[in-house]
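Asks: Dropping a prediction and its sequence here:
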Amino acid sequence: MLPSKHNIFSFLSFHSQVVMNNLNPAWKSFKVSVNSLCSGDEDRRLKCIVWDWDSNGKHDFIGEFSSTFKEMRGAMEGRQVGANPIHKMHSFLDYIMGGCQIQFTVAIDFTASNGDPRNSCSLHYIHPYQPNEYLKALVAVGEICQDYDR
């Protein structure tokens, strides 16, 4: 994980204070009524989502977990809790850096509904001196993918 600028813990309409430059933040305690948290149902499953806050508004998802009010209260009282772990949403780059390979495959629909390749109005038009729109798109995508495909 890249160094975090800010971390924020959110649920319902509550947002924690921002914890700056910390990959292992400890948020200040806060109070929320049981009624607003889970409508008084202590066994209702709650989903907590953690974001890395960015001032540009493009917050990065760090992970999430679910628990119940009853489980969280038990944890505060020192009981063992089996809360679900935080799951990180991996990016395309994470997979590539982890060694994942891409198999680049292409299929082109040459049915008559796409137009006659001899007609200059068709996307399949075969120009003698320049590539058509399909070839331009294939080259643009292929040049990027080729570095990740053995």
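Replies: Structure's in. What do you need? Residues are numbered from 1 along each chain as shown.
Asks: Which residues are in contact with the residue nearest the centre of the chain?
Replies: Residue closest to the average C-alpha location in the chain (C-alpha atoms, centre = their mean): Met89, at 4.9 Å. Contact analysis of Met89 by C-beta atoms under 8 Å, 6 or more residues apart in numbering lists Phe61, Gly63. For glycine as for every other residue, the C-beta is placed from the backbone atoms N, C-alpha and C.
Asks: any idea how far it lies from Asp54?
Replies: Separation of Met89 from Asp54 (C-beta to C-beta, to the nearest Å): 16 Å.
Asks: Check His124 too.
Replies: Taken as C-beta to C-beta, the span from His124 to Asp54 is 44 Å.
Asks: got it, and Lys88?
Replies: Taking C-beta to C-beta as the measure, Lys88 falls 17 Å from Asp54.
Asks: Kindly report the same for Cys48.
Replies: Taken as C-beta to C-beta, the span from Cys48 to Asp54 is 20 Å.
Asks: Looking at these two, which is more packed in?
Replies: Neighbour comparison, Cys48 and Asp54: the larger count goes to Cys48, with 17 against 12 (by other C-beta atoms under 10 Å).
Asks: where do the helices sit along this protein?
Replies: In the chain, the helices defined using DSSP state H lie at 34-38, 69-76, 92-97, 133-145.
Asks: what pLDDT, on average, does the first one get?
Replies: Per-residue pLDDT values over helix 34-38 give a mean of 80.
Asks: From the contact counts, what lies against that helix?
Replies: Applying 3 or more C-beta pairs under 8 Å, 6 or more residues apart in numbering; DSSP states H and E, one finds that helix 34-38 makes contact with helix 69-76.
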